[in-house]
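J.: What follows is a predicted protein model with its sequence.
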Amino acid sequence: MTISGAMAAEKLGVPAVAMMPTYATNEHFSFRTLMPAAPSPKMAEVWKAMGHAMAEFAAEQGLSTPRMFDGPPAPFNIVFIPREFQPMAETFDERFTFVGPSVSRRDAEGEWTRDGTNPVLFISLGTTPLNRRPDFFRSCLDAFGHTDWDVSMAIGEQTDPASLGTVPPNVRLRPFFPQLLVLRQADVFLTHAGMNSTMEALYFGVPMVAVPQQPEQEATARRLEELGLGWRLAPRTSLRRRFSARFQRSAPAARSAGMWRQ
């Protein structure tokens, strides 16, 4: 998606190596095809203006016009998802190496310990401003408060904890949690299905319930369902209704199976 590297390689006349943190693109598959619907007229106008600006800049530099999402692949591509997660994986040749997620320690994120023996539910909508969803967090408190779940819920820096009302004793609220520490112990991850969070959950074998907040997350949530690695919920779905006792019973077993663990 970042075209500056490919343009620099062309300008310098050197080979390019692309590092892809999400789905790869080749002559047979484009990430654009995963978008659930056409963009809004306003967004389409923005993309059109961006395309014109990029074409003008490329012409000034004597370069070919760049194409986002579905441009030609680099001579060599390192993809940070498992090959099995890539749609149409059979069409990707030796130019692509699927290495899976690169999981670091991130020790500076803080401390977290499991509280007792109850199943752990981790809830996070990521770190972008899109995580400002007090309505969603309140519905989580209603659904999982005063239950047997040990809940750790990251509400981001955009949401005032006081706006969520009384916090049940089985729920811990913070702007952010040390995600890797929590995922090592979590039984279920209620997530926005960002690719980084998705890959880290798969790395630790944690089943997911995905509530996507934007189009690329919707695509990943659908992929989780296709592969039997999680559930995809519409943003307004009743969490209490769908997060049933059946899933609560099956989650620890799914986690112990070590799905996709590397």
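T.: Structure received.
J.: pLDDT at residue 113, what is it?
T.: For residue 113, the pLDDT comes out at 90.
J.: no wait, residue 51
T.: Note for residue 51: predicted pLDDT of 89.
J.: measure it to residue 172 for me?
T.: Separation of residue 51 from residue 172 (Cβ to Cβ, to the nearest Å) stands at 46 Å. Just so you know, the C-beta spots here come from the backbone N, C-alpha and C atoms, and that holds for glycine as well.
J.: what's the answer for residue 222, then?
T.: 30 Å.
J.: Next: residue 138.
T.: As it turns out, when the distance is counted by Cβ to Cβ, residue 138 lies 16 Å from residue 172.
J.: Run through the strands of this structure in chain order.
T.: Per DSSP state E, the chain carries strands over the ranges 17-20, 76-79, 96-98, 120-124, 150-154, 171-174, 188-191, 208-210, 230-232.
J.: mind listing what the second one pairs with, with the direction of each?
T.: If you go by DSSP bridges, strand 76-79 pairs up with strand 17-20 (parallel), strand 96-98 (parallel).
J.: Can you mark which positions in the shortest one are buried?
T.: Buried residues in strand 96-98, defined by neighbour count with 16 or more other Cβ atoms under 10 Å: 96, 98.
J.: again with stretch 155-163
T.: Result for stretch 155-163 [16+ other Cβ under 10 Å]: buried residues 155, 156, 159.
J.: domain assignment for the chain?
T.: 4-98, 108-256 (automatic domain parsing).
J.: Out of those domains, which is the most enclosed?
T.: Comparing the domains of the chain by mean neighbour count (mean count of other Cβ atoms under 10 Å), domain 108-256 comes out on top with a mean of 18.
J.: need the strands of the chain in JSON lines with mean pLDDT and distance to residue 46, can you?
T.: Compiled in JSON lines, the strands of the chain are given as follows (pLDDT from 0 to 100; distance: least, Cβ to Cβ, whole Å):
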{"stretch": "strand 17-20", "mean pLDDT": "92", "distance to residue 46": "24"}
{"stretch": "strand 76-79", "mean pLDDT": "96", "distance to residue 46": "28"}
{"stretch": "strand 96-98", "mean pLDDT": "97", "distance to residue 46": "30"}
{"stretch": "strand 120-124", "mean pLDDT": "96", "distance to residue 46": "28"}
{"stretch": "strand 150-154", "mean pLDDT": "96", "distance to residue 46": "30"}
{"stretch": "strand 171-174", "mean pLDDT": "94", "distance to residue 46": "35"}
{"stretch": "strand 188-191", "mean pLDDT": "95", "distance to residue 46": "28"}
{"stretch": "strand 208-210", "mean pLDDT": "94", "distance to residue 46": "27"}
{"stretch": "strand 230-232", "mean pLDDT": "91", "distance to residue 46": "27"}
